[in-house]
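Student: this one's structure only:
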């Protein structure tokens with residue numbers, strides 16, 4: 001076994017145990033490289049700045065060389081976002097979703113649309129693992145205790161996907177129930193691992209290495225002091241499209257395209273602002289504008305699907321009678337809209353900055369976004385922060 005294979009196997013074992021969501025302190029984020037972004041981030045600049053939200057990853061990396069279906073190479077995983085931690089199945093949150101371009105999948109959204117609630121966690125994985133992740137989420141929920149507050153044993157989990165078949169043995173079905181259990185059980189608050197982790201392990205974005213990214217914004221006290229957080233699994237776009245902080249980074253670091261715009265992106269938006277489902281759908285739509293700031297045009301082959309939820313109005317879902325709820329007036333939403341756009345934009349760039357170069361099936365290699373070159377381009381266009 002060569003050294004690279006030993007390293008990969010060790011990561012697989014770590015992922016199987018349910019690695020923590022916390023990122024390594026040595027890996028810089030976009031702001032630390034001097035990328036300028038608008039707005040004021042929350043204390044951790046992550047979706048977990050919204051109180052109660054926890055994130056877990058299981059990362060699966062093993063093997064190298066020629067693709068042998070069922071054996072690898074493996075470059076995949078699963079990411080879990082729980083709106084109210086382990087209480088997510090017992091106290092659902094108001095939610096709304098939006099499909100910017102529907103060549104993708106997010107299960108459970110018809111009930112989100114109908115009921116206005118997200119009942120449980122959100123899971124993100126690769127395209128061909130949606131089924132096993134969905135079923136495993138139900139099994140994990142059953143293991144947690146009795147029936148839900150309505151007295152029924154049933155669940156329609158929200159599971160989303162992007163395609164990692166360029167780097168991963170996607171038809172080998174390497175994501176298994178135990179990996180889903182580990183991501184859910186190991187979910188935690190605080191800093192969140194970014195880049196090639198969890199469901200984002202084998203993803204590419206603007207033909208650089210992509211994956212998981214997160215960011216947050218805190219509104220001013222005059223606007224309520226609310227937090228808006230975003231988490232993305234980015235796997236979309238062509239190199240020539242990439243824009244960072246207004247600078248044409250993709251054009252300045254060119255390459256011959258190896259595909260049309262057939263990738264996808266899943267965006268999760270969380271807030272503690274008291275929003276009702278129709279308002280959260282409006283928030284989910286604004287994720288499109290954060291995506292557009294990075295250059296995407298949501299091509300025909302892209303699955304760009306977004307969901308937003310609010311952790312306010314606890315206890316509403318379980319009520320047996322009429323519930324009193326609070327809501328923001330529509331005139332008060334502009335700050336939340338702006339925060340969503342800003343947090344989504346930064347999340348995408350954070351994912352790319354964190355992701356390292358990766359080689360996968362049949363020697364396919366996806367380069368990480370070169371950090372020093374990024375700084376040079378930003379400086380050239382007078383966009384580099386001091």
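Tutor: Nice, thanks for sending it over. All figures in this text were calculated on a predicted structure; none of them were measured in a lab.

Student: Need the mean per-residue confidence for stretch 94-113.
Tutor: On average, the pLDDT along stretch 94-113 is 97.

Student: Now do the buried residues in it.
Tutor: Across stretch 94-113, burial judged by 16 or more other Cβ atoms under 10 Å covers 94-101, 103-109, 112. In short, each C-beta sits where N, CA and C put it, glycine included.

Student: can you check stretch 238-247 too?
Tutor: Counting neighbours by 16+ other Cβ under 10 Å, stretch 238-247 gives 238, 239, 241, 242, 243, 244, 245, 247 as buried.

Student: and what of stretch 324-339?
Tutor: For stretch 324-339, a neighbour-count test (16+ other Cβ under 10 Å) marks 327, 328, 332, 333, 335, 336, 338, 339 as buried.

Student: re earlier: helices - which of the buried residues of stretch 94-113 land there?
Tutor: 109, 112 (DSSP state H).

Student: Which two among the buried residues of stretch 94-113 are spaced furthest apart?
Tutor: The most widely separated members of these, counting by Cβ to Cβ, are 94 and 103 (27.5 Å).

Student: Can you classify residue 229 by secondary structure?
Tutor: With DSSP: H, G, I helix; E, B strand; the rest coil as the basis, residue 229 sits in strand.

Student: from what I can see it touches residue 340, true?
Tutor: No: using Cβ atoms under 8 Å as the test, residue 229 is too far from residue 340 to be in contact (9.5 Å).

Student: what residues are shared contacts of these two?
Tutor: Residues within reach of residue 229 and of residue 340 at once, by Cβ atoms under 8 Å, 6 or more residues apart in numbering, are 217, 269.

Student: Spatially, which pair of the buried residues of stretch 238-247 is furthest apart? Let me know, please.
Tutor: The widest separation within the buried residues of stretch 238-247 (Cβ to Cβ) is 18.9 Å, between 238 and 245.

Student: Verify the stated contact: residue 67 with residue 361.
Tutor: Yes: the criterion here is Cβ under 8 Å, and residue 67 meets it with residue 361 at 4.1 Å.

Student: out of those two, which sits in the more crowded spot?
Tutor: A count of neighbours by other Cβ atoms under 10 Å puts residue 361 above the other of residue 67 and residue 361, at 25 against 20.

Student: Pull up the gap between that one and residue 233, please.
Tutor: 19 Å (Cβ to Cβ, to the nearest Å).

Student: Now render the buried residues of stretch 324-339 as a markdown table, adding distance to residue 295.
Tutor: Shown next, in a markdown table, are the buried residues of stretch 324-339 (distance: Cβ to Cβ, whole Å):
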| residue | distance to residue 295 |
| --- | --- |
| 327 | 35 |
| 328 | 31 |
| 332 | 31 |
| 333 | 26 |
| 335 | 25 |
| 336 | 24 |
| 338 | 20 |
| 339 | 21 |
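
Student: Narrow the residues you listed to those in helices?
Tutor: Mapping the buried residues of stretch 324-339 onto helices (DSSP H) picks out 335, 336, 338, 339.
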